[in-house]
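Visitor: coordinates only, no sequence provided:
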């Protein structure tokens with residue numbers, strides 16, 4: 001049997017693209033429509049058979065290990081036991097021909113989303129490179145106007161029977177048909193565009209539903225959105241892994257959004273009003289009179305919508321009182337006068353308690 005790599009004129013470590021390119025070149029030269037000689041027709045069959053084996057990863061692996069490139073089955077063991085024990089246990093049948101139609105592979109893509117996207121959920125269009133049904137042959141694997149023919153060697157069964165004489169008598173075994181690779185049919189005129197695979201690579205745009213409340217690293221399964229299978233088989237699934245981008249103003253604690261607001265010492269003493277630019281609209285914020293550093297102002301229902309739910313978390317804003325620096329002479333005199341009237345109040349010590357700002361340490365220190 002001729003070496004498949006030599007038949008196509010490629011090295012044993014040739015890539016899938018190199019194998020496909022070599023086959024297409026030879027097929028154009030040897031196709032019966034271009035070269036009607038009997039020698040070319042026979043060579044065309046050899047080239048097509050070699051391509052069928054080497055373009056299929058599993059068949060190529062078996063061929064490289066010393067096999068003929070056909071997929072293994074249980075026919076040999078079944079017929080052996082069937083002849084010895086009369087088909088006991090369901091053995092003895094050759095099985096059905098192998099189908100050219102196979103389920104497509106699953107695919108995984110990574111999608112970055114903004115923190116604002118997961119408050120209510122969003123839709124994003126994503127461009128992916130995937131396998132689709134070949135538009136030329138519509139998944140038939142054959143050149144337009146042609147169709148597979150029944151294999152002459154196995155008569156469409158996908159297997160050939162062999163008789164072996166042994167001390168137990170004549171044993172009939174079944175082997176995968178090497179002429180058709182167990183398909184039961186032979187494609188003499190494979191589609192040039194897909195190389196007889198029934199699918200081609202294409203870039204297409206899909207719409208992804210970004211669920212509300214997702215967390216970084218979560219995956220969404222989109223059934224049937226993966227790659228089309230060989231022979232225009234059913235598509236696999238597409239998995240979308242989300243990465244939530246860092247926001248310069250807000251961080252997250254479950255369903256709640258966290259932020260900080262810096263106020264002057266006088267605003268903390270007398271109170272003030274301000275506006276926080278929220279992810280879903282401005283938030284009117286009232287700083288109460290006498291606010292202390294570390295106080296938390298909670299705005300109900302302005303957080304993130306829960307995953308697979310409707311309720312929203314809260315927006316929690318920690319107040320940071322900024323101590324004035326670079327005081328003018330008049331400012332210093334006024335503060336000294338205030339300190340004199342307040343009196344000497346020494347600092348107080350107490351047990352350490354985790355504060356709200358500890359939850360925001362990643363925001364400020366990247367820890």
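Guide: Great, that's in hand. Here the structure is a predicted model, which means the values were calculated and not measured.
Visitor: contacting residues around residue 229?
Guide: 101-105, 131, 199, 235-236 (Cβ atoms under 8 Å, 6 or more residues apart in numbering). For the C-beta atoms, the positions are set from N, CA and C on the backbone; glycine is no exception.
Visitor: could I have the buried ones of those residues as PyMOL selection syntax?
Guide: A single PyMOL command selects the buried members of the contacts of residue 229 (16 or more other Cβ atoms under 10 Å):
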select buried, resi 102+104+131+199+235+236
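Visitor: out of the contacts of residue 229, which sit inside strands?
Guide: 131, 199 (DSSP state E).
Visitor: among the contacts of residue 229, which lie within helices?
Guide: Residues of the contacts of residue 229 located in helices (DSSP state H): none.
Visitor: model confidence over the lengthiest helix in the chain, on average?
Guide: Longest helix in the chain by number of residues (criterion: DSSP H): helix 38-54. Per-residue pLDDT over helix 38-54 has a mean of 83.
Visitor: low pLDDT regions in the stretch 1-150 of the chain?
Guide: Across the stretch 1-150 of the chain, the ranges flagged by pLDDT under 70 are 1, 32-33, 66-95.
Visitor: quick one on the thing from earlier: so how far is the longest helix of the chain from its chain's centroid?
Guide: 36 Å (Cα atoms, centre = their mean, to the nearest Å).
Visitor: report all helices and strands that that helix contacts.
Guide: Contact here means 3 or more Cβ pairs under 8 Å, 6 or more residues apart in numbering; DSSP states H and E; on that basis helix 38-54 packs against helix 4-8, helix 16-30, helix 57-64.
Visitor: what's that helix in contact with?
Guide: 2, 4-5, 7-8, 10, 14, 19-20, 23, 26-27, 29-32, 35, 59-60, 63, 69, 179, 181, 186-188, 190, 195-196.
Visitor: ranges for the strands of the stretch 251-367 of the chain?
Guide: Assigned strands in the stretch 251-367 of the chain, in chain order: 251-253, 256-264, 272-278, 281-287, 296-299, 315-322 (criterion: DSSP state E, counting those that start in this stretch).
Visitor: what sits up against the third one?
Guide: Among residues not part of strand 272-278, those counted as contacts by Cβ under 8 Å, 6+ apart are 249, 259, 261, 263, 282-287, 302, 315, 317.
Visitor: hmm, which of the residues you listed are the buried ones?
Guide: The buried subset of the contacts of strand 272-278 (16+ other Cβ under 10 Å) comprises 259, 263, 283, 285, 287, 302, 315, 317.
Visitor: most widely separated two among these?
Guide: Using Cβ to Cβ, the buried ones among the contacts of strand 272-278 span at most 19.6 Å, a distance reached by 263 and 302.
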